[in-house]
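Undergrad: coordinates for the following, if possible.
(one chain, ligands or ions: 1)
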Amino acid sequence: MKSLIILILLSAQLLSKDKLNVLFIASDDLRPDLGCYGNTIVHSPNIDRLASESVVFNKAYCQQAVCAPSRASIMSGCRPDTTKVYDLSTPLRSTLPNVLTLPQFYKQQGYETISVGKIYHHNNEDKNSWTQPSWKGPKGDWRNYLNPKYKHVYYPTPAPAWESQDVDDSAYKDGQVVDRAIQHLDQLKSSDKNFFLAVGLVKPHLPFNAPKKYWDLYKENFYNPARREWPQDTPKIAKMGWHELRAYTDIPKDPYSGKRLSKAQDLKLRQGYYACISYIDALIGKLINKLQETGLDKNTVIVLWGDHGFKLGDYGAWCKHSNFEIDTRVPLIIKAPGIKHLKTDSLAELVDVYPTLASLTGHKVPQHCEGSDLSKVMSGQHKGKKAAFSQYPRGKNMGYTVTDGKWRYTEWYNTSSTLVGRELFDHSQGSIAEANLAHKPEFRKIRDQLTKTLNKGQGWKEVKLAMINN
Ligand SMILES: [Ca+2]
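TA: Here you go, the predicted structure:
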């Protein structure tokens, strides 16, 4: 009897809203340090609960490991060489004024499209994407210190890279963003329209500002980098000097001085990053509980993604900005009604999110999408793609990188399209590599195969075609 009532209620809902909704949750700088990805230190019970009902992509990659280019790519469905957004100062519409963004696509299908928090990188949250004015969060500096001394600081930031205040969840920006998202769900519950609700959390991005209770979870238990030196024989062009962290007080300023963080700073930063993960985990829990409470979870696809990886002292470095596995690998968790839990090593790219969501919600995938529809991978009907691609500029040079799930291979080109550096890393044991193997004769065959797959950064076209034809 109970299931019959549920069926009738569900049918009524499907009659008025015949397509699926989307709850699109972005986290800034979140690498896959989550319980559901096998991390035993972090406290992420809410994301783990979501993951237990979702498809968890264990090998998912951003297309460029820094905020604006990664976000321009996922939101447009295009790769950085198409968006031409390679830096933080170029908004998507300045290079692709007419591209049909993911939310704009849903808007065209008659959806209510709403954005709260940080979705695109820039303050102007692309008016064409949304049916309501977007809300970036409470007014004030994005660094969001509560200490009045640091409230209005600007770059370079004369403030510590962390803050731990004994406050409740809504004191910081992300808490208020989720409170606002919850209000939207209350309104959307009685709307006769489908919705695409984007919720952009700014943590665990620097500065690591989070309520004290989350810091207290990590008083004794710390993440410890497996390797504190660059991989052996890595070309100079591949490395970066973690300038982003050096902008904060008490961090050594000269990237080439060889100065490292003090042990106390090192521990504090890693504790702070994990505190921020647990903070957003609690907020994501609130959001998902609300979705369930409204009953909207029955016909809503949930996607949780991070815009790129992060180094926490790994390789003796911090932040992102590279083509390394640890900077390109991201969490990607998708829950869709009717699709069973799966943890998969099938390769995924953030550029796949657009076509996959379009397909999962019952729409035709727009032609311009440069990623692949992974819905059949999610339902176990397709084994997935052969390779995943990313890129990163270094000055006027461009590094193109590819992974086949085990090997990561990178080629660096200068402005005359001359090859100026190669890297080949074995990642069969995880995200950290011991040495660059690109110039070892015994790995020549693998390198040659991956050179072909990479095809100077254009190899994705062949991989996409193969996904359609197989
Ligand atoms: Ca970011």
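Undergrad: and the strand or helix carrying residue 343, average pLDDT?
TA: With elements taken from DSSP states H and E, the one containing residue 343 is strand 342-349. In this model, strand 342-349 has a mean pLDDT of 98.
Undergrad: list the helices and strands it packs on?
TA: Judged by 3 or more Cβ pairs under 8 Å, 6 or more residues apart in numbering; DSSP states H and E, strand 342-349 is in contact with strand 55-61, helix 375-378, strand 388-394. Where you see a C-beta, it was placed from the backbone N, CA and C, and this is true even at glycine.
Undergrad: quick check: angle from that strand to strand 388-394?
TA: With axes from the mean of the first three to the mean of the last three Cα atoms, to 10 degrees as the criterion, the two stretches strand 342-349 and strand 388-394 enclose an angle of 50 degrees.
Undergrad: before we move on, back to that, okay if I get the helices and strands packed on strand 342-349 as TSV plus mean neighbour count, distance to the ion and mean pLDDT?
TA: Converted to TSV, the helices and strands packed on strand 342-349 look like this (neighbours: other Cβ atoms under 10 Å; distance: least, Cβ to the ion, whole Å; pLDDT from 0 to 100):
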stretch	mean neighbour count	distance to the ion	mean pLDDT
strand 55-61	25	14	98
helix 375-378	22	25	98
strand 388-394	25	14	98
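Undergrad: all the helices of the stretch 51-200 of the chain, residue numbers only.
TA: For the stretch 51-200 of the chain, the helices identified by DSSP state H, counting those that start in this stretch occupy 67-76, 80-83, 92-95, 102-108, 173-189, in order along the chain.
Undergrad: typo on my end, it should be the stretch 351-470 of the chain
TA: Read by DSSP H, counting those that start in this stretch, the stretch 351-470 of the chain holds these helices, from start to end of the chain: 353-360, 375-378, 444-454, 460-469.
Undergrad: report the separation between residue 284 and residue 237.
TA: In this structure, residue 284 and residue 237 are 37 Å apart, going by Cβ to Cβ, to the nearest Å.
Undergrad: which of these two has more residues huddled nearby?
TA: Between residue 284 and residue 237, counting by other Cβ atoms under 10 Å, residue 284 is the more crowded of the two (23 against 18).
Undergrad: give the contact list for that one.
TA: The neighbours of residue 284, taking Cβ atoms under 8 Å, 6 or more residues apart in numbering as the test, are 25, 46, 47, 50, 178, 201, 304.
Undergrad: Three-state assignment for it, please.
TA: Taken by DSSP: H, G, I helix; E, B strand; the rest coil, the conformation at residue 284 corresponds to helix.
Undergrad: quick one: pLDDT of it?
TA: In the prediction, the pLDDT value recorded for residue 284 is 98.
Undergrad: list the contacts for the spatially closest residue to residue 422 that is not a sequence neighbour?
TA: Once its chain neighbours are removed from consideration, residue 422 has its nearest residue in residue 438; the separation is 4.0 Å (Cβ to Cβ, 6 or more residues apart in numbering). For residue 438, the contacting residues are 409, 422, 423, 424, 447, taking Cβ under 8 Å, 6+ apart as the criterion.
Undergrad: can I get those residues in CSV including neighbour count?
TA: Below are the contacts of residue 438 laid out as CSV (neighbours: other Cβ atoms under 10 Å):
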residue, neighbour count
409, 26
422, 19
423, 26
424, 22
447, 20
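Undergrad: among these, which pair sits farthest apart?
TA: For those, with distances taken as Cβ to Cβ, the pair at the greatest spread is 423 and 447 (9.9 Å).
Undergrad: any common contacting residues for these two?
TA: Common neighbours of residue 423 and residue 447, using Cβ under 8 Å, 6+ apart, are 409, 438.
Undergrad: how about the residue of the stretch 301-450 of the chain found nearest the ion, nearest residue that isn't a chain neighbour?
TA: Using Cβ to the ion, the point where the stretch 301-450 of the chain gets nearest to the ion is residue 307, with a distance of 4.1 Å. Counting by Cβ to Cβ, 6+ apart, the nearest residue to residue 307 once its immediate chain neighbours are dropped is residue 70, at 4.3 Å.
Undergrad: how far away is the one you found from the ion?
TA: With distances taken as Cβ to the ion, to the nearest Å, residue 70 is found 7 Å from the ion.
Undergrad: repeat that for residue 251.
TA: The span separating residue 251 from the ion equals 19 Å under the rule Cβ to the ion.
Undergrad: give me the three-state assignment for that residue.
TA: For residue 251, the secondary structure call by three-state DSSP comes out as coil.
Undergrad: with residue 298 instead?
TA: Quick answer, by three-state DSSP: residue 298 is helix.
Undergrad: around the ion, pick out the residues from the stretch 251-400 of the chain.
TA: For the stretch 251-400 of the chain, the residues found near the ion under the criterion Cβ under 5 Å from the ion are residue 307.
Undergrad: give me the low-pLDDT residue ranges for the stretch 251-400 of the chain?
TA: For the stretch 251-400 of the chain, the stretches with pLDDT under 70 are 253-259.
Undergrad: residue in the stretch 51-200 of the chain nearest to the ion?
TA: Shortest the stretch 51-200 of the chain-to-the ion distance, computed as Cβ to the ion: residue-wise this is residue 67, at 3.6 Å.
Undergrad: ok now do the nearest residue to that residue once chain neighbours are set aside, which residues does it touch?
TA: Of all residues beyond its chain neighbours, the one nearest residue 67 is residue 121 (4.7 Å), with distances taken as Cβ to Cβ, 6+ apart. With contacts defined as Cβ under 8 Å, 6+ apart, the neighbours of residue 121 are 67, 68, 71, 72, 88, 91.
Undergrad: residue 412 now?
TA: By Cβ under 8 Å, 6+ apart, the contact set of residue 412 is 235, 237, 238, 394, 397, 398, 399, 419, 420, 421, 422.
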